[in-house]
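A.B. asks: model the following, please.
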Amino acid sequence: MTRHQVEETRPLLQRPERSIIRTPLPWDQFWIILFLQLSDPLAIQTLAPFIPQLVRDIGVTHGDESQVGHYAGILQSSYYMAQALTVLHWSQLSDHIGRKPLILTALFAIAVSTFSFGLSKTFVGLVASRVICGAFNGSNGVVKSIVMDITDATNLPKAYNYMPLPWMIGNVFGPLVGGSLSQPADRFPEIFGRSELLKTYPYLLPCAVPAIFASVAWLITYSRLKESVSANTPLWELIKGWLLPQSYGKPFTQIESSHARFSSDWEANFEEVPSKPLPLRAVLTPRVLAMAANCSTMALLHIAFTSILPVFYATPIELGGLSLDPPRIGAILAVSGLASGASQLFFFSRLHDRFGAGAIHTVGVCAGAPIIILFPVINVLARAHGMGLAVWFSVGIQLMLMSSLVMCYSCLALYVSAAAPNRASLGTTNGIAQLLIAGGRVIGPALAASIFSYSMQEGHDAWLIYYFLMAITFLAVGTSLLLPRDPSLWEDRQ
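C.D. replies: So this is what the prediction gives:
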């Protein structure tokens, strides 16, 4: 028996302990990544508080209150549909031509499309703006690939301990901006009452905030961000390779043979794999598929909750909601973002060291059950006692449980890095994860909001939406069992 075989058969708890030297985070680049991460939550959360009212204002529901959730869900799903169709292509392209050019292109498109949303007066225009924003925001997965490029196994968990910070900031300030700055001529007549532009386009001002931020992020990226991919292929050469594959078959054949040697040599180290991106089929290993299944179900569960929340808050109490206005909805969503980000920032690293990523992820998706149960409980309390202390206490408990669900994203990011067949294919592997996450986000808002609207109509089962959410929760819990208790177990078997 060889020395390597002895090490493989030795129980994990009996392995000799090694002192681990942790690599410091490269803060000169990492702060830029954190700054760039703000664009996604701002582009989404700024719009969330006023979308139900916007749907009413443009007249697409023709006064039918039960259809507000349906059209609000279409707006959200259109964004994620476009993101799902482009995220894998962005990630694959970034492995070849580099990360920075794609991020610059995406930030410019996000700024233009967000301004366009604020200027739209028809439902078709709103959908078109969200589709453009989602298509280019598919490059958000490229930003996550940069994190994996500039870190290693010793500091990646620490990096993902900070990654929720921009999401916390965006989830706090986005709803506050959207809720407080919508319809500014009516809400602040002494400041904006004379502006005919803001009277004509009452939602332009909150949309301008994420658009201006994306413009600032473009300038910082252009001047300060360094390219993290060393071997770049000229875009024109790549296009010719796609158009004339017979002339460019040799490089891909070499990559396929490199992957075959990698798979047959069980003892090869991760760093010794040739640093070329593998073809998509070679990346779809059982580990990647298990990780992708969890990304999809987790995203579906989380986006179903977050898309229902503002609609639930805006729906009249007698129809199953809480009858809240956009400023109050924005404040609640801001508190939710603050709680989720703070719990991630202060507790995730400690919980990860104590229990591992697998346990945190499983507990997080299991929290979906009490979150669902609290929806009808909150409405029953509002019907019986009005908007009193019992209602707000129940809302607070629900938001706290949502924090444990958000931690699942950081856990899955660790599995993405561990599942990658080689380091040069991190972008493609992360693209697959982002594709499945976007896919779940496509289905979730439209389906959940439509079922919510359907269940509110007279003669239909009011609990139908909660049955749907509970089924998604059970699916997410089931797929979580496919993951090992710790991502390092996958890396040990590379």
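A.B. asks: list the contacts for the most centrally placed residue in the chain?
C.D. replies: In the chain, the residue lying closest to the centroid (C-alpha atoms, centre = their mean) is residue 437, at 6.8 Å. Counting by C-beta atoms under 8 Å, 6 or more residues apart in numbering, residue 437 touches 295-296, 298-299. Quick note: C-beta positions are derived from backbone N, CA and C, even for glycine.
A.B. asks: tabulate those residues (CSV), appending neighbour count and pLDDT.
C.D. replies: Converted to CSV, these look like this (neighbours: other C-beta atoms under 10 Å; pLDDT from 0 to 100):
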residue, neighbour count, pLDDT
295, 26, 89
296, 22, 89
298, 27, 89
299, 26, 87
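A.B. asks: and the furthest pair within these?
C.D. replies: 296 and 298 (7.3 Å; C-beta to C-beta).
A.B. asks: now do the shared contacts for those two.
C.D. replies: In contact with both residue 296 and residue 298: 437, 440, using C-beta under 8 Å, 6+ apart.
A.B. asks: quickly note the distance from the residue nearest to the centre of the chain to residue 406.
C.D. replies: 13 Å (C-beta to C-beta, to the nearest Å).
A.B. asks: what touches both of the two?
C.D. replies: In contact with both residue 437 and residue 406: no residue, using C-beta under 8 Å, 6+ apart.
A.B. asks: so which helix or strand takes in residue 32?
C.D. replies: Here residue 32 sits within helix 27-37, counting by DSSP states H and E.
A.B. asks: which residues does that helix contact?
C.D. replies: Contacts for helix 27-37 (C-beta under 8 Å, 6+ apart): 103, 107, 140, 143, 146-147, 150, 159, 162-163, 165-167, 170, 217, 220-221, 224-226, 228.
A.B. asks: name only those of those residues that count as buried.
C.D. replies: The neighbour-count test (16 or more other C-beta atoms under 10 Å) applied to the contacts of helix 27-37 identifies 103, 107, 140, 143, 146-147, 150, 159, 162-163, 165-167, 170, 217, 221, 225, 228 as buried.
A.B. asks: tell me which helix or strand of the chain sits lowest on mean pLDDT?
C.D. replies: Of all helical and strand segments in the chain, the minimum by mean pLDDT, DSSP states H and E falls on helix 249-264, at a mean of 38.
A.B. asks: next, give phi and psi for residue 485.
C.D. replies: Reported as degrees, to the nearest 10, the phi and psi values for residue 485 are phi -70, psi -20.
A.B. asks: coming back round to it: so which other helices or strands are in contact with the next helix or strand after the least confident helix or strand of the chain?
C.D. replies: Using DSSP H and E, the helix or strand that follows helix 249-264 in sequence is helix 280-283. Contacts defined by 3 or more C-beta pairs under 8 Å, 6 or more residues apart in numbering; DSSP states H and E place helix 280-283 against helix 249-264, helix 426-456.
A.B. asks: keeping just the C-alphas, turn helix 280-283 into CSV.
C.D. replies: C-alpha atoms of helix 280-283 as CSV (Å, rounded to 0.1, in the frame of the first residue of the first chain):
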residue,chain,number,x,y,z
LEU,A,280,-19.0,23.3,-20.7
ARG,A,281,-19.6,19.6,-20.9
ALA,A,282,-16.4,18.8,-19.0
VAL,A,283,-17.4,21.2,-16.3
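A.B. asks: so how far is that helix off the chain centroid?
C.D. replies: Relative to the centre of its chain, helix 280-283 is centred 23 Å away, using C-alpha atoms, centre = their mean, to the nearest Å.
A.B. asks: in that helix, what's buried?
C.D. replies: For helix 280-283, by 16+ other C-beta under 10 Å, it's 282-283.
A.B. asks: can you name the element that comes right after that helix?
C.D. replies: Toward the C-terminus from helix 280-283 - assigned by DSSP H and E - lies helix 286-314.
A.B. asks: between that following helix and helix 426-456, how many degrees?
C.D. replies: Using axes from the mean of the first three to the mean of the last three C-alpha atoms, to 10 degrees, the inter-axis angle of helix 286-314 relative to helix 426-456 is 40 degrees.
A.B. asks: run the chain-centre distance for helix 286-314.
C.D. replies: For helix 286-314, the distance to the chain centre is 9 Å (C-alpha atoms, centre = their mean).
A.B. asks: so which helix or strand takes in the closest residue to residue 315 other than its chain neighbours?
C.D. replies: Closest residue to residue 315 apart from its sequence neighbours, by C-beta to C-beta, 6 or more residues apart in numbering: residue 321 at 2.6 Å. Under the criterion DSSP H and E, no helix or strand holds residue 321.
A.B. asks: now stretch 76-87: how far from the chain's centre is it?
C.D. replies: Counting by C-alpha atoms, centre = their mean, stretch 76-87 is centred 11 Å from the centre of its parent chain.
A.B. asks: pLDDT (mean, whole number) over it?
C.D. replies: Stretch 76-87 carries an average pLDDT of 83.
A.B. asks: contacting residues around that stretch?
C.D. replies: Counting by C-beta under 8 Å, 6+ apart, 44, 51, 127, 130-141, 303, 307, 431, 434-435, 438-439, 441-446, 449 sit against stretch 76-87.
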